[in-house]
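> sequence first, predicted coordinates after that:
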Amino acid sequence: MMDVSLMTAASGMLNLSTEIQVAVLRNSLDLVEATGEGIQKIMESSVMPHLGQNIDISL
């Protein structure tokens, strides 16, 4: 049978571990979001809407 103090300590360590994992995940999600926004800005700036609107045809 486990001692109550050991169970309490184990529970505290589990809670701390979970909190750390959640914090790391939040940081990762923030990084992915920032990277996605950066890629979106790069793609928007590379678009040239005036290209391809006119076609010159000589027969």
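Yes, it's here.

> and the helices in this structure?
Taking DSSP state H, the helices of the chain run over residues 4-46.

> shaky segments in it?
1-2 (pLDDT under 70).

> can we see that at 80?
The chain contains residues with pLDDT under 80 at 1-2, 4, 46-55, 59.

> any idea how far residue 47 is from residue 54?
17 Å (C-beta to C-beta, to the nearest Å). Just so you know, the C-beta spots here come from the backbone N, C-alpha and C atoms, and that holds for glycine as well.

> residue 56 now?
On the measure of C-beta to C-beta, residue 56 and residue 47 end up 22 Å apart.

> next, find the distance separating residue 44 from residue 57.
Distance from residue 44 to residue 57, by C-beta to C-beta: 31 Å.

> what about those two, which has more around it?
residue 44 (8 against 4; other C-beta atoms under 10 Å).

> could you pull up the residues touching the more buried one?
For residue 44, the contact set (C-beta atoms under 8 Å, 6 or more residues apart in numbering) is empty.

> what's the spacing between residue 47 and residue 26?
Distance, residue 47 to residue 26, by C-beta to C-beta: 32 Å.

> who's more crowded, those two?
residue 26 (10 against 7).

> got a list of what that one touches?
So residue 26 contacts nothing (C-beta under 8 Å, 6+ apart).

> so how far is residue 14 from it?
19 Å.

> kindly report the same for residue 48.
Counting by C-beta to C-beta, the gap from residue 48 to residue 14 is 55 Å.

> compare the two (neighbour count), which wins?
More crowded of residue 48 and residue 14, by other C-beta under 10 Å: residue 14, with 10 against 7.

> can you pull the contacts of the more buried one?
By C-beta under 8 Å, 6+ apart, no residues touch residue 14.

> measure it to residue 24 for me?
Taken as C-beta to C-beta, the span from residue 14 to residue 24 is 16 Å.

> equivalent analysis for residue 48, please.
For residue 48, the distance to residue 24 equals 40 Å [C-beta to C-beta].
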